[in-house]
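For reference, the sequence and a predicted model appear below.
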Amino acid sequence: MDDLDSIATLLAKPEPSREVLLRSRGRLEARMAGRGRRRTGWLVPVVALATAAAAVVAVITVSPADLSGRDVLLMAAVSAERTPQGSGTYWHVSSSHETPGLPPMESWISRDGRRWTRGMPMDPPKAVIPDPRPLMLKGTEVSFEDLAGLPTDPEALKTWIAKRRGNPNDMSRSELRGEPLFPLISLITELPTPPEVRSAAFRALATTPGVRNTGTVEGGQELVIPDPDGWETRLVVDPETAQVKRTNFPLGGDGSLTWSKDSISLTTEWTNRLPR
């Protein structure tokens, strides 16, 4: 575990205190700036509570403005791994456009693959109707069991994505090249991904070149992730809950891909009730 992983572990704890322990603030700043030089002068001794051994750490205050995009994703990775998957009969996804008057688009899918939608294009108003489309990942169908069996190591997960073959008509250009960006975003947004795999997806996204944090917004930290084809994906991530609150590039669990100049709010949950 490197320094930023340690920081992610500490910052993702639910306690309200903003003071966290880490080896050296100077070392953190050097790493975030891409330098290998080690600074000194920030170290203070503390006694580890779990053992009798002494540790040398620094007590610092970290504000959201100090967090890079990588920091936010690593924090979310730790939170994702600690958050139980939950239980329920249906995986419910709701996405709401900022445009006034537009109803939310919703879907419910049972563990045996049955799916219903409401508010989708061409759906009757307010009606919940059966939808035969399955869950999709990189151009091909994916089941709950498939998601549970995905690699929990970030590099292994990216390798799995690169090797996965699907229908070219249901894939983006970057997916056709084997690049992992959109599948990774799918795994942390609308798909019913188990905690360990979601954590791996966040960690894999943290290695994306050019990812940056533009600052605190309603719901969390706004991240900008460049796509090799020139697009910019914006995600509002709450690192404490590992939830993606809003995005301009909704990647539907059915494999759909949408772009919006405005943000679209996302809510995901397990539920035992299918509206009628």
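Good, I have the coordinates.

Against residue 266, how distant is residue 117?
Shown here: residue 117 relative to residue 266, a distance of 15 Å by C-beta to C-beta, to the nearest Å. Heads up, the C-betas are built off the backbone N, CA and C, glycines and all.

So for residue 104, what's the nearest residue that isn't a sequence neighbour?
Nearest residue to residue 104 in three dimensions, chain neighbours excluded: residue 96, at 4.3 Å (C-beta to C-beta, 6 or more residues apart in numbering).

just residue 84 next, same as before
Distances taken as C-beta to C-beta, 6+ apart put residue 195 closest to residue 84, at 7.0 Å, once the chain neighbours are dropped.

same check, this time on residue 109
Setting aside the residues directly before and after it, residue 109 is nearest to residue 115 in space (C-beta to C-beta, 6+ apart), at 4.4 Å.

now residue 171
Nearest to residue 171 is residue 139, by C-beta to C-beta, 6+ apart, at 4.0 Å.

From residue 168, how far out is the one you found?
When residue 139 is compared with residue 168 (using C-beta to C-beta), they lie 7 Å apart.

Counting neighbours, go ahead and name the busier of those two.
Each of residue 139 and residue 168 has its neighbours counted (other C-beta atoms under 10 Å); residue 139 has more, 18 against 10.

chain center to stretch 160-178, what's the gap?
Between the centre of stretch 160-178 and the centre of its chain there are 20 Å (C-alpha atoms, centre = their mean, to the nearest Å).

Packing partners of the helix or strand hosting the residue nearest to residue 104?
When secondary structure is defined by DSSP states H and E, residue 96 falls within strand 90-97. Strand 90-97 is packed against strand 105-110, strand 264-271, with contacts defined by 3 or more C-beta pairs under 8 Å, 6 or more residues apart in numbering; DSSP states H and E.

Adding mean pLDDT, write those strands out as TSV.
As requested, these are arranged in TSV below (pLDDT from 0 to 100):
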stretch	mean pLDDT
strand 105-110	93
strand 264-271	92
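
from those, which stretch is densest packed?
Counting by mean count of other C-beta atoms under 10 Å, strand 105-110 has the highest mean neighbour count of the helices and strands packed on strand 90-97, with a mean of 20.

Which residues does that one contact?
Strand 105-110 is contacted by residues 89-96, 115-120, 128, 131, 135, 192, 252-254, 271, 274 when judged by C-beta atoms under 8 Å, 6 or more residues apart in numbering.

ok, which stretches of the stretch 151-276 of the chain are helices?
With DSSP state H, counting those that start in this stretch as the criterion, the stretch 151-276 of the chain has helices at 154-163, 173-176, 181-188, 195-205.
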